[in-house]
Every structure is written in C-alpha cells, then in structure tokens.
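Enquirer: Fold the stuff below for me.
(4 chains)
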2 protein chains.
Amino acid sequence: MVGARSAARPVTIIDIAREAGVSKSTVSLVLKMSPLVKDETRQRVTAAMDALGYVYNRGAASLRRARSDIVGMVINDLANPFFAELAIGIERALQNSGVIPFIANTAESVVRQAEVVRSMREHGAAGLILCPALDTDAAEIERLGSHLPVVLAIRRIIGARASLVVSDNVAGAARATEHLINLGHRDIAFLGGIGHMVVFQDRVAGFTRAMNQAGLAVQPSLIGESMPTKDGGFNAMSRLLSVDRRPTAVVCFNDVVAIGAMLAIARYGLAAGRDIAIVGFDDTTEARHVSPALTTVSVDTGGLGERAAQILLRQINEGERRRDTYTGEARLVVRESCGARLGRRIAS
Amino acid sequence: MVGARSAARPVTIIDIAREAGVSKSTVSLVLKMSPLVKDETRQRVTAAMDALGYVYNRGAASLRRARSDIVGMVINDLANPFFAELAIGIERALQNSGVIPFIANTAESVVRQAEVVRSMREHGAAGLILCPALDTDAAEIERLGSHLPVVLAIRRIIGARASLVVSDNVAGAARATEHLINLGHRDIAFLGGIGHMVVFQDRVAGFTRAMNQAGLAVQPSLIGESMPTKDGGFNAMSRLLSVDRRPTAVVCFNDVVAIGAMLAIARYGLAAGRDIAIVGFDDTTEARHVSPALTTVSVDTGGLGERAAQILLRQINEGERRRDTYTGEARLVVRESCGARLGRRIAS
DNA sequence: AGCCATTTTTGGAACGTTCCAATAGAATGT
DNA sequence: ACATTCTATTGGAACGTTCCAAAAATGGCT
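Expert: Numbering: from 1, shown residues only, chains lettered A, B, ... in the order given. Have a look, this model is predicted:
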C-alpha cells in the first residue's frame, strides 16, 4: 500500500468525466475556469477530481495549445552571490505569474551555455532570461532572439539586439570615484575585471570620466586587470602594493575583487579604510559583513532580477516584439572601507 | 526578417521525414540513436534536420513515453548562502544526466511549498529534491513519496519515510564542543535555532553529549533559542552578554547566527576569539571572509547536493523503491574565532 | 404546443512524439 | 527458384489535453 507508484495509470480528464457523468470537454472547461459550465456541474466535476486524485497534465496541455508556461533562467555563475541574488529576484517575480523557471548554471562556458539553451528550447521554454557567459557571440543571441523572447541581464552584449536589464555601471563607477576624490584622494587605481568584458569597459569609463572631470589623469599603470574573483583581486592588489608610489585609494571592479584586495592589504600589514581606501561594486550581502564593512555601489540586485522577469513576461504575454532596456540606478553606499567614517583623511 | 517568431509553425518530425524522403518512424529512430537505421539514411535525416532548423519537442515525447526528464528542486531559503551552495551542487550533479531541474524557493512557507510541489507534479517532474520548509507535515511527505521519488535534503522530518541526505549534526556539534572544552572552556553556551527544528535538536544533542562526556552540566539558561538568522544571533548573543556570569565560549546553531553573535560581541566592546570564543556550523563561504575568520563545522555543502541528486537519479532510473540515507561527515575547521590560533586561553 | 434565444454540453480532430506489429528488401542457403 | 533469415523501414494507434462546430437542454414568449 505504501507507494502505489509504479503501477497506477495516471488519472486523466476522461476518468474524471466518467466519474462525474459528463464529457471530457466539460471537464476541460472546468479546468480552465470557464464561466460556461453550470455551477452544479462544476461542483460535481471538482468533487470527482478530489475523489480520484487528479493531477493536471500541463505537458499535454501545452502540446495542444502550442505554448508552454516554462521559462529558462541561464546564469553564468551561480556560485557568485551577486548572481545568486539576481536569480532569487527573478524567481520571486515569476512566482505568481503562473510560469515556472528552469534553472541552469553555465559556469562561464559558452559551450555549456549552448547546450542548456538548446535543452530549454527542446522543453518548449516560452522565453529566456540570460546572463551570458563571457565571450558569448552576439550573432548567437540575435538568432536565439528570433525564435523566442530573450532578456539579457547584467551583461550587455555589443551588437546583440535584445531586451536588456543592466545597472548603470558608468554612473556607479563615476560616483564611487568622485566620492574618493572628495575625500582628498588623487592617486586612485581601478582594480579587477578583464578588458573584453563590457561591464569592465563601462566601469572603467565611469572611473575615467570622474577622474578627468576633476582634472586628474588616469595612468594606464593604475588600471589593473584581473579575474573578477577574490583571488584575482588579491593578486592584483598585491602587485599594486609592491610598486614604489602606490595609490591611496582603489575602485574595485566588484565586491569579490574588493574583498580579495582587502585581504592583500591586510597581508601587507596595512588596514583598509585607514591606510588605503577601497570601494567595491554590487553591494552583495558579503559587503556588509566583511570587516571593515565595504563601501560599495549598490545596484539593487534583486530588483534587477524582478525587472528582467517582468519584461520577459510582458514579451511572452503580449507578444511584444519591442526591445526594452532597463538601466537600474547605481547608488553609493558609504561604509568603512573608504575611510570616510573615520573622519580622517588618508590622502597624503 | 528579424524575428519570424510569431508566424512560423514549428518544424516537426513529419517535415523532416518529407524532406529526407523517409517515414516519421525512421526519423524517430534516428532521434533516439537507434542502431537499426542505415548509415546513409541517418545522414540524410540529420541533414534535413539542420536544413529545416528542427528542434526536438520533449514535451510531446514525454507525453507519449509517459515519463519526463524534468526534476524539481524545492528550496526553503535560497537567499541563505548555505542553501544556495546546496542548490549549485545539485545543479552540477544533474548537469550531464540528461535531466533538467525546475527550481523554486518556498521561503519557509508550507503553503507556498504545497503550491510549487503541485506545480512540479503538473509539469510531470520525475522526482523531487526537497529542502522542506519549517513545520512541514510528515504525512504530506509520505503521500508525496507515494507518487514520485523524493529525496529530502538537509532537514530530516521525523516520521517521514523518504530518502534523506543530511550532515552529521550530532557529531559535528559534539566535535565543536569538544574543541572548546579542550581549549579549557567550561562555561559554554549553545546559541540560535528554534526548538522544534530537528536540526536544532540534533545539534543540541551533540553539544549536550560532549558536555556530559567531559563531566560538565548543561544549564538550560545556556541554551538560547533564536531565529536562525543574523539578527536572531545578534539578539540572542546580546541577551547572553547581559547576564552576570557570561559564558566564555559559544557554539552557534549555524554560521549566520555566529556572525550575528560576533556583531553583538563587537558592539559590546569585546573581541570574538580573544574575549569570547565562537564556533559556527556549515562553513559557508562567508565564514572564511568574516573577521575574525570563523571557526566552524564544515559539512561539504556542495557534496551533499551532489549526493542528493545522485540518489534521486538512481531512484528515477532504476525505479528503486528503497529508502537511501546519506549522512555527510562534519569536519571541524579551526580558524580564528575560537581563539585557538591566538595560542592563549580565554577561559578563566 | 410550438418557436426562438440563450445557456450548457458534447464528440471528434488535432498537437508532436513513440511504440508496435507488420512489411519490404537484401542476403544467404538449398 | 524458393524458402529462410536478417536488416531497414513503415503506417497507424496512442499519450492527455484543447479547440471547434454542432447538438442538446432550458426558459420565455406567444
């Protein structure tokens, strides 16, 4: 009696019809809440459903209706808390929309990405939210977009015409840089990220803009690329510290790079926020918990995810062909790592 | 020409058959890599597929075959990095199994949990990995398990017969406690978690066992419940500090509680690891980054996820009715927050 | 009672695949 | 030339639903 799992032919709409003494069409109408069926009939039908333990077969339904209620969520690096928060935001926004998300982690592999995208199409996904892996080909996105609604999130892809949800990287980086300049810093470095990432280019552009507006030059030696990971930040910062005239402040590509950099600073016997100012980017939950607490640029990660989900849903439901772009505001969150809270100037 | 999305009837197996000059049955055989078809035919068919841009309809296939390649992943709190890591482990293990996971976050709501489980059944999920929400009813799990394979992860549910993947909470807590005892502590508290959580009970049991084995009594006043969150840890620790004879060491329910507790300690003008020893549980990535670095019990979170996925797959593929239980080892990771690294004894 | 309008119900075809039993074609042995 | 064994291929039914056009039931009005 425990686990009648294997045997039992599943209960179908036809079984319900027989039990309730109506036709399968009527049952179908009840299922879709049609106002056409008489109340008494509806009750008989729902009673039969409970009695037999009916479970709706959405697969069969979407086969017939030629559209499904599945969407795909393709994330380049789920282990990164920033993208995890994004995924949660997406999931939350999808929650009451009658749509259910597939999830896949591509781990920055375009090969894997192609695989999962294919799999999602095979499963009939009605749309896709995609945080593209590094070096994703614009043409591929273009082609994908001609088959189903696609919303690109976080990472813009130059040349790909698709809806887009990103944070305002240029303004955010500029704001962070201005803050450091206002604190008196003149020798400011930009640390982390790799050159062909569009996000990197945008953030460097914001950094450069702020520096130039303050009449400060940006020496190429003060822009240090690295993998956008904690180790990357650690190594890049270590390099930076060994140079004779080291910067007094550092704008980091993102929070994990910043955290790596702070580790390097500590290892060097210095204190972030006292001897050298650090700001991050993204405001992941870690930024708050690290010590000293990280000054960073908040991009409302969850909100971006929700926005991406909304745009996707609209495109699915209204068959919109239009290309939406949402740029989330980037707000500076001042904590301790920039030294502002110490009330004293690091800058010499 | 951009986006022939709306119009185009999708390409089916029948279109391919016509194009390649064979029957749909033959195309189907090619699709399932049957050795029955002649090589030359196979090539003609695959060529036709490329030419027409065919995409396999798995929905239709699973309707006919009466089994699907979808599994559900139901997580009680995705915003908690511990469960996020678990989810990633599951995803990773599923990656090359030809199965694709739905994901849902229940946010500890049994109502929401019932909804998503239902939705997953409606989508024909072949199995479920479930991190049950608080207060999940054993009978419900039991019933669910009679319909499809279910693997419970992290949280045991008393009275529910289902496969289970958990960490060794009793041994882990005991090990952490023993470590503190060996450092000379005698007044040790257990902090955080709520009484009716099985995980809480197990960890308290381990704590108690270690204390008793060392001939130490466990005063009820030294077991402080709280929500298993950072705020919960903060508040509970604050209460504990205001008592006249405060403990010299604290075993925390998990890492986020421990981090909250450390915040409270700092707020009190004391230093974790110097004035009071703290150990956490779970070894989330945050534990490493917090300062002082958190001594904690590592449970190989990703590994637990992978194990859960493996067990589920086996049950799906081999139709196993058997109830597997995997208990992951709990290893103590000594960092700084317990004071051991300072080489000096806190205990009076 | 008969007619019309309205409300409710219905049978069959269709969605894209797989399965099965049956067939056709090729190769072998006599 | 014919039966026999393989090897390849095939048409039709089936999976559980929705859609459509049409039929049946109901109610109101003469």
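
Enquirer: Just the mean pLDDT for the helix ranked longest in chain A, thanks.
Expert: When chain A is parsed with DSSP state H, its longest helix is helix A:301-318. For helix A:301-318, mean pLDDT rounds to 95.

Enquirer: can you list contacts of that helix?
Expert: The contact list for helix A:301-318 (C-beta atoms under 8 Å, 6 or more residues apart in numbering or on different chains) reads A:71, A:82, A:85-94, A:97, A:99, A:126-129, A:149, A:151, A:153-154, A:163, A:165-167, A:282-284, A:320, A:322, A:324, A:326, A:328. No exception for glycine: its C-beta is placed from N, CA and C like everyone else's.

Enquirer: Please flag which of those sit within helices.
Expert: A:82, A:85-94.

Enquirer: which ones are touching the residue positioned nearest the centre of chain A?
Expert: A centroid search over chain A (C-alpha atoms, centre = their mean) returns A:Leu86, at 3.7 Å, as the residue closest to the centre. Listed by C-beta under 8 Å, 6+ apart, the contact partners of A:Leu86 are A:75, A:131, A:153-154, A:301-302, A:304-305, A:308.

Enquirer: Would you mind measuring from it to A:Ser238?
Expert: 30 Å (C-beta to C-beta, to the nearest Å).

Enquirer: what's the spacing between the residue lying closest to A:Leu216 once chain neighbours are set aside and A:Asp275?
Expert: Spatial nearest neighbour of A:Leu216, chain neighbours left out: A:Arg186 (6.3 Å); criterion: C-beta to C-beta, 6 or more residues apart in numbering or on different chains. With the distance defined as C-beta to C-beta, A:Arg186 ends up 16 Å from A:Asp275.

Enquirer: can you pull up the bridge partners for the residue in the stretch 101-250 of chain A that chain B sits nearest to?
Expert: With C-beta to the nearest C-beta as the measure, A:Ile103 is the residue of the stretch 101-250 of chain A nearest to chain B, at 4.1 Å. Note on A:Ile103: beta-bridge partners by DSSP bridges are A:Met73.

Enquirer: the strands in chain A, which residues?
Expert: A:70-75, A:100-105, A:127-130, A:150-153, A:163-167, A:188-191, A:223-224, A:249-252, A:277-279, A:296-298, A:325-328, A:331-333 (DSSP state E).

Enquirer: Pick the most buried one from those.
Expert: strand A:249-252 (a mean of 31; mean count of other C-beta atoms under 10 Å in any protein chain shown).

Enquirer: Show me which residues of chain A sit near DNA strand D.
Expert: By the rule C-beta under 7 Å from any atom of the strand, the part of chain A lying against DNA strand D is A:9-10, A:12-14, A:24-25, A:28, A:31-32, A:54, A:56-57, A:60-61, A:63-65.

Enquirer: So among these, which ones count as buried?
Expert: The neighbour count (16 or more other C-beta atoms under 10 Å in any protein chain shown) marks A:12-13, A:28, A:31, A:54, A:56-57, A:60-61, A:63 as buried among these.

Enquirer: ok, back up a step: which of the strands of chain A sits closest to B:Gly172?
Expert: strand A:100-105 (27.7 Å; C-beta to C-beta).

Enquirer: So which other helices or strands are in contact with the closest one?
Expert: Applying 3 or more C-beta pairs under 8 Å, 6 or more residues apart in numbering or on different chains; DSSP states H and E, we find strand A:100-105 packed against strand A:70-75, helix A:81-94, helix A:110-122, helix B:81-94, strand B:100-105, helix B:110-122.

Enquirer: ok so, going back, columns pLDDT on top of the ones in helices among the contacts of helix A:301-318, output as a markdown table?
Expert: Output for the ones in helices among the contacts of helix A:301-318, formatted as a markdown table (pLDDT from 0 to 100):
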| residue | pLDDT |
| --- | --- |
| A:Phe82 | 92 |
| A:Glu85 | 93 |
| A:Leu86 | 96 |
| A:Ala87 | 96 |
| A:Ile88 | 94 |
| A:Gly89 | 96 |
| A:Ile90 | 97 |
| A:Glu91 | 96 |
| A:Arg92 | 95 |
| A:Ala93 | 96 |
| A:Leu94 | 96 |
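
Enquirer: Top of the residues you listed by number of neighbours, please.
Expert: A:Ile90 (30 neighbours; other C-beta atoms under 10 Å in any protein chain shown).

Enquirer: Provide a list of residues in contact with that one.
Expert: By C-beta under 8 Å, 6+ apart, A:Ile90 lies in contact with A:73, A:101, A:129, A:305-306, A:308-309.

Enquirer: okay, now the residue lying closest to A:Thr177 once chain neighbours are set aside: neighbour count?
Expert: Closest residue in space to A:Thr177, ignoring its immediate chain neighbours: A:Ala210 at 3.6 Å, by C-beta to C-beta, 6+ apart. Other residues near A:Ala210 number 24, with proximity taken as other C-beta under 10 Å.

Enquirer: okay, now the closest residue to A:Val37 other than its chain neighbours: neighbour count?
Expert: Excluding its sequence neighbours, the residue lying closest to A:Val37 (C-beta to C-beta, 6+ apart) is A:Leu29, at 5.1 Å. Neighbourhood size, A:Leu29 [other C-beta under 10 Å]: 18.

Enquirer: Then A:Ser238?
Expert: Under the criterion other C-beta under 10 Å, the count of neighbours that A:Ser238 has is 16.

Enquirer: for whichever residue of the stretch 151-300 of chain A sits closest to chain B, what are its contacts?
Expert: Closest residue of the stretch 151-300 of chain A to chain B, C-beta to the nearest C-beta: A:Ser291 (3.9 Å). Counting by C-beta under 8 Å, 6+ apart, A:Ser291 touches B:290-291.

Enquirer: What's the per-residue pLDDT of it here?
Expert: Looking at A:Ser291, the pLDDT reads 79.

Enquirer: you'd agree A:Ile75 is up against A:Cys131?
Expert: Yes. Using C-beta atoms under 8 Å, A:Ile75 is in contact with A:Cys131, at 5.0 Å.

Enquirer: so what's in contact with the two at the same time?
Expert: In contact with both A:Ile75 and A:Cys131: A:83, A:86, using C-beta under 8 Å, 6+ apart.

Enquirer: which regions of chain A lie under the pLDDT threshold?
Expert: Counting by pLDDT under 70, chain A contains low-confidence residues at A:1-7, A:320, A:342-348.

Enquirer: Contact residues of it facing DNA strand C?
Expert: A:22-26, A:29, A:36-38, A:41, A:60, A:63-64, A:66.

Enquirer: from the stretch 201-348 of chain A, which residue is nearest to DNA strand C?
Expert: Nearest to DNA strand C in the stretch 201-348 of chain A, going by C-beta to the nearest atom of the strand, is A:Gly319, at a distance of 17.9 Å.

Enquirer: Could you count how many residues lie near that residue?
Expert: A:Gly319: 10 neighbours (other C-beta under 10 Å).
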